[in-house]
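Visitor: quick one, structure for this:
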Amino acid sequence: MSPFASLLAIPFPAIDPVALQLGPISIRWYGLAYVAGLLLGWLYLKQLVSTPRLWRDEKEPFAPTLVDDLFLWVAVGVIVGGRLGHVLLYEPGYYLSNPLQILYVWQGGMAFHGGMLGTILAMWLFARRHRIPALSVMDAVSAAVPIGLFFGRIANFINAEIVGTQTNVPWGIIFPGWGDVPRHPVQLYEAALEGLLLFLILRYLIYRYRALASPGVIGAAFLAGYGGFRIICEFFKYDEYRTIVSEGWLTTGMIYSIPMALFGVVAFIVLWRPKTA
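Guide: Numbers count the residues shown, from 1 in each chain. Here you go, the predicted model:
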């Protein structure tokens, strides 16, 4: 790495992880980011369900009043599934030795693939309980998930976790606790691709081609888009995350994302029935 590149490196911003201290209670930016993602996703979900013209036969699949109930189911699925996913898929040895650490969610450590499985189970149970089409529930939630992903990746950045490999690029950042060399701010790459860009793609399909009128299409597009963008971002991640394959370019995140992306592409091709809005 050239000394010139090191001079151009951006120091990590001095962000106090505690946003607000109320006596013994600490409110952290990490938790606030997840709350913001869930709340904005809930508002967007409510907007979609309240717009009948976007759905099949111009009729929403379930009443907008049920969105509040769905939000609670999804929030539980995200938190429980995401935490258990991180514990079981990425650091099982550490948490088996320190089981109480599983409860310390505010310290970081949420796996998307675990959160996705938890959310799918929550959506299926919700649909079964209210006797509504499960695919339409999954489509609606999938359209809103990138909002939560965006804020979740910002939370990763604030916690200086899931950092990138060493780099010469002028926007490389020196993260605290990771030495004095600049690294790819891969959390921001993921926020831009898995969050912002994926949200815009799904929104375009919904409002330009009425994709919600074909059950399963938006869910499939989400799986394909997220899986593809996650694979791209994995190339820039620190080697610590290569917990299954110790050498080479293949990472744990890629192994979990490749079948997800392939399934999404195939399902999208099978279900896609474009309609001009």
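Visitor: just checking, residue 171 touches residue 10?
Guide: Yes - here residue 171 reaches residue 10: they are 6.4 Å apart, a contact under CB atoms under 8 Å. All C-beta atoms are positioned from the backbone trio N, CA, C, and that covers glycine.
Visitor: joint contacts of the two?
Guide: Common neighbours of residue 171 and residue 10, counting by CB atoms under 8 Å, 6 or more residues apart in numbering, are absent.
Visitor: for the chain, what spans make up the helices?
Guide: Ranges of helices in the chain, per DSSP state H, are 3-8, 29-49, 67-89, 92-97, 112-130, 134-158, 186-190, 198-209, 217-234, 252-271.
Visitor: now mean pLDDT and mean neighbour count too, for these, in a markdown table please.
Guide: Shown next, in a markdown table, are the helices of the chain (pLDDT from 0 to 100; neighbours: other CB atoms under 10 Å):
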| stretch | mean pLDDT | mean neighbour count |
| --- | --- | --- |
| helix 3-8 | 49 | 12 |
| helix 29-49 | 87 | 19 |
| helix 67-89 | 85 | 19 |
| helix 92-97 | 78 | 11 |
| helix 112-130 | 89 | 19 |
| helix 134-158 | 92 | 24 |
| helix 186-190 | 96 | 22 |
| helix 198-209 | 96 | 18 |
| helix 217-234 | 96 | 24 |
| helix 252-271 | 92 | 17 |
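Visitor: need the ones you listed in CSV (columns: distance to residue 19).
Guide: Formatted as CSV, the helices of the chain follow (distance: least, CB to CB, whole Å):
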stretch, distance to residue 19
helix 3-8, 30
helix 29-49, 5
helix 67-89, 19
helix 92-97, 27
helix 112-130, 22
helix 134-158, 9
helix 186-190, 18
helix 198-209, 24
helix 217-234, 26
helix 252-271, 28
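Visitor: please name whichever of these is nearest to residue 167.
Guide: Ranking the helices of the chain by proximity to residue 167 (CB to CB) places helix 3-8 first, at 7.8 Å.
Visitor: nearest spatial neighbour of residue 144, skipping sequence neighbours?
Guide: Among residues not flanking residue 144 along the chain, residue 41 sits closest, at 3.9 Å (CB to CB, 6 or more residues apart in numbering).
Visitor: so the one you found touches residue 149, yeah?
Guide: No - applying CB under 8 Å, one finds residue 41 not in contact with residue 149, separated by 9.4 Å.
Visitor: residues contacting residue 56?
Guide: Applying CB under 8 Å, 6+ apart to residue 56 gives the contacts 212, 213, 214, 215.
Visitor: out of the residues you listed, grab the one that's most surrounded.
Guide: Of those, residue 212 is surrounded by the most neighbours, 26 neighbours in total, counting by other CB atoms under 10 Å.
Visitor: distance of the residue nearest to that one when sequence neighbours are not counted relative to residue 62?
Guide: Closest residue in space to residue 212, ignoring its immediate chain neighbours: residue 54 at 4.7 Å, by CB to CB, 6+ apart. Distance of residue 54 to residue 62, computed by CB to CB, to the nearest Å: 13 Å.
Visitor: repeat that for residue 36.
Guide: Residue 36 sits 25 Å away from residue 62 when distances are taken as CB to CB.
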